[in-house]
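K.L.:
Sequence plus the predicted model coming up.
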Amino acid sequence: MDIRQYLPPFRKRQPRVAVVRLQGAIGAARPGAAGLSDAALGPLLERAFRRGKPAAVALVINSPGGSPVQSALIAAHIRRLADETKLPVHAFVEDIAASGGYWLASAADDIWADATSLVGSIGVISAGFGLAGLIERYGVERRVHTAGSAKSFMDPFRPEKPEDVVRLHALLEPMHAAFKAQITDRRGAKLAAGRDLFTGDIWVGQQALEVGLIDGIAHLVPKLKALYGDKVRLVQYGLRRPFWRRFGAAEATTAALSAALDLAEERALWSRYGL
């Protein structure tokens, strides 16, 4: 006698995909500042990969970049969890995955973008202002005393020194080399042969596909349905924005100034790509 005929039918479990939103600039400049960092994303990534036995993890990326260190830490964290859980990782680019944003995308097993998404900017930049002439014009005297000849390196209130520029490039080049190694390791033979893709240039949708920076033009929901079936369940994960309320006058002013600085820094990153 087959006792299975007396048992209630078991419903087939719907596949789940954890969807992690990576939105904004990478790296917090000040304690409590907004931004994507390994410390902030770590617990969220752990839950996304381990909670509820997902079939895969999808990264929704919309970032103009930021800190190369935090980009490397977050990408390494994603790969470590992917290897431990044996889960595939898919990246979906919205407006932009540039510089550190593309570093995050490269942690996925495949990358998908919209036809108008901006992708790439595989380079490292250091930017600032030279204010020596400005303070001289207004009769401001700059007084700097250091113990160590390189301590006032790239002081914006002093004339730029050729030796400082040489030293700065000596710092930027190893960062660029690490970025190139990450993309070469992750994308490998997918990258277009005979093309220098590491100049800091940026590509749009179809162009990014042609040079091997992405795997296709696709959107999150239809692509995941194509991969995991129409009944796939998407479980959303994302960082919560800081919420300020019930502050006294001093605290409210500090919070407002901090938020304004965060916005200015992030706005500068987005505007670099016309967004």
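P.N.:
Arrived safely, thanks for sending. Numbers count the residues shown, from 1 in each chain.
K.L.:
Quick check: pLDDT value at the nearest residue to residue 221 once chain neighbours are set aside.
P.N.:
The spatially closest residue to residue 221, leaving aside those adjacent along the chain, is residue 234, at 7.3 Å (C-beta to C-beta, 6 or more residues apart in numbering). Glycine gets a C-beta too; all of them are placed from N, C-alpha and C. On pLDDT, residue 234 comes in at 97.
K.L.:
and residue 234, that's in a strand?
P.N.:
Yes - counting by DSSP: H, G, I helix; E, B strand; the rest coil, one finds residue 234 located in a strand.
K.L.:
shouldn't it be in contact with residue 15?
P.N.:
No - using C-beta atoms under 8 Å, residue 234 is not in contact with residue 15; the gap is 10.0 Å.
K.L.:
buried set for the longest helix along the chain?
P.N.:
Criterion DSSP state H: the longest helix present in the chain is helix 162-187. Counting neighbours by 16 or more other C-beta atoms under 10 Å, one finds that the buried residues in helix 162-187 are 164, 175-176, 179, 182-183, 186-187.
K.L.:
do stretch 136-156 as well
P.N.:
Neighbour-count burial for stretch 136-156 [16+ other C-beta under 10 Å]: residue 155.
K.L.:
just stretch 103-112 next, same as before
P.N.:
Result for stretch 103-112 [16+ other C-beta under 10 Å]: buried residues 103-108, 110-112.
K.L.:
Can you show me the helices along the chain?
P.N.:
Using DSSP H, helices in the chain cover 38-50, 68-85, 100-105, 132-137, 162-187, 205-210, 220-228, 249-271.
K.L.:
in this protein, which segments are predicted with low confidence?
P.N.:
Applying pLDDT under 70 to the chain picks out residues 1-12, 28-34, 128, 149, 152-153, 241-275.
K.L.:
So for it, the centremost residue is which one?
P.N.:
Nearest to the geometric centre of the chain sits residue 101, at 3.3 Å (C-alpha atoms, centre = their mean).
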